[in-house]
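A.B. asks: below is the sequence, then the predicted model.
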Amino acid sequence: MVASEPATAAAQLRPPDGGWGWMVVFAYGLANIMIIPVLQSFGLIFKDTFQQINISATDASLIINLASAVGMTFGLFNGPLLRSYGFRRVAFLGGTMFSLGLMLTSSAETFTHFIITYSIIASLGMGFCNSSFSLALNTYFVARRNKAAGIAMTITGLGPILLPQLVSLLVSRYGSRNCLLIIGALATHIMVAALLLQPVKRHMVPAVEPSKSPVKPVTPPMIAKPVQIPVEKSALEEAYSVVDALNPKAESRWELDSDNEDDYLERQNFMDNYNIDAQSIYGFEQ
């Protein structure tokens, strides 16, 4: 009985669906603001530098596309890391690698240097961050997951709007290498965002227990007593009464005015035929 009590208590807890989860939403948006626009603006930053160090457009395209491929490929190995170390540590590692990779790329002079520092180190950091922050968001929210994801994506959308303006300003004032060095320093904020990903077990809330109100007994419906409906006179009886009412009148019309027996029988047969016709009119026959 003692061993089952912790399991019972754990079963009665659920993710907060809010509370500290909104800080996780903010951390998710902050990390994506630094990651996604840098990948989109990398060609803009090093456009002139690639020409100076004799890197062709094909090589530049390979550097950028290889970074995306490496980040997505190594995403297959993020699952075991997240299960072993948790999303907070993996996100902190990813932020460190991404920031360090950008800083090292700022001094790159060769194609191989770009591949190692940007396409591998920075790209792996990007992959670790994406998986970690997504897992944290889905862990903290269940019922309000769509709302939380929508807010996080809204914050993320500010990055592609604001960062290109900052990149243009930094490149014009400090050059492409110093620009990337400054952006690498700004990317250290990803580590701050990773520290906001506290373990969800610290913020679990009691689950809503089902109603324990007693079940009300259902009373079977009352069966009404049979009601005796007065039966009206049938059509057959009405017809007989009509015929009976007609017979005296018919007989009164054929009073005998002579003592002739044949004349009497003829008149009696005519009266019987009249009765039969009257009975046929009312839907029955004798």
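C.D. replies: Perfect, thanks for sending it. Residues are numbered from 1 along each chain as shown.

A.B. asks: okay, Asp263: pLDDT?
C.D. replies: Turning to Asp263, the model gives it a pLDDT of 58.

A.B. asks: would you mind giving the domain segments of this protein?
C.D. replies: Recorded structural domains for the chain (assignment: automatic domain parsing) are 10-206, 235-281.

A.B. asks: touching stretch 167-178 from outside, list them.
C.D. replies: Contacts to stretch 167-178, defined as Cβ atoms under 8 Å, 6 or more residues apart in numbering, come from residues 41, 44-49, 106-107, 179, 182-183. (Each C-beta comes from the backbone N, C-alpha and C, glycine too.)

A.B. asks: buried ones in the helix or strand harbouring Gly79?
C.D. replies: Using DSSP states H and E, Gly79 maps to helix 78-105. Buried residues in helix 78-105, counting neighbours by 16 or more other Cβ atoms under 10 Å, are found at 78, 81-82, 86-105.

A.B. asks: look up how far Ala108 lies from the closest residue to Lys47 other than its chain neighbours.
C.D. replies: Closest residue in space to Lys47, ignoring its immediate chain neighbours: Ser176 at 7.7 Å, by Cβ to Cβ, 6 or more residues apart in numbering. Using Cβ to Cβ, to the nearest Å, we find Ser176 at a distance of 11 Å from Ala108.

A.B. asks: for Pro37, see how far away the nearest residue to Gly101 once chain neighbours are set aside is.
C.D. replies: Closest residue to Gly101 apart from its sequence neighbours, by Cβ to Cβ, 6+ apart: Ala122 at 2.9 Å. Relative to Pro37, Ala122 is positioned 14 Å away (Cβ to Cβ).

A.B. asks: where does pLDDT dip in the stretch 1-150 of the chain?
C.D. replies: 1-11 (pLDDT under 70).

A.B. asks: sorry, back to before: just say which of the domains of the chain is most tucked in.
C.D. replies: By mean neighbour count, with neighbours taken as mean count of other Cβ atoms under 10 Å, domain 10-206 ranks first of the domains of the chain at a mean of 18.
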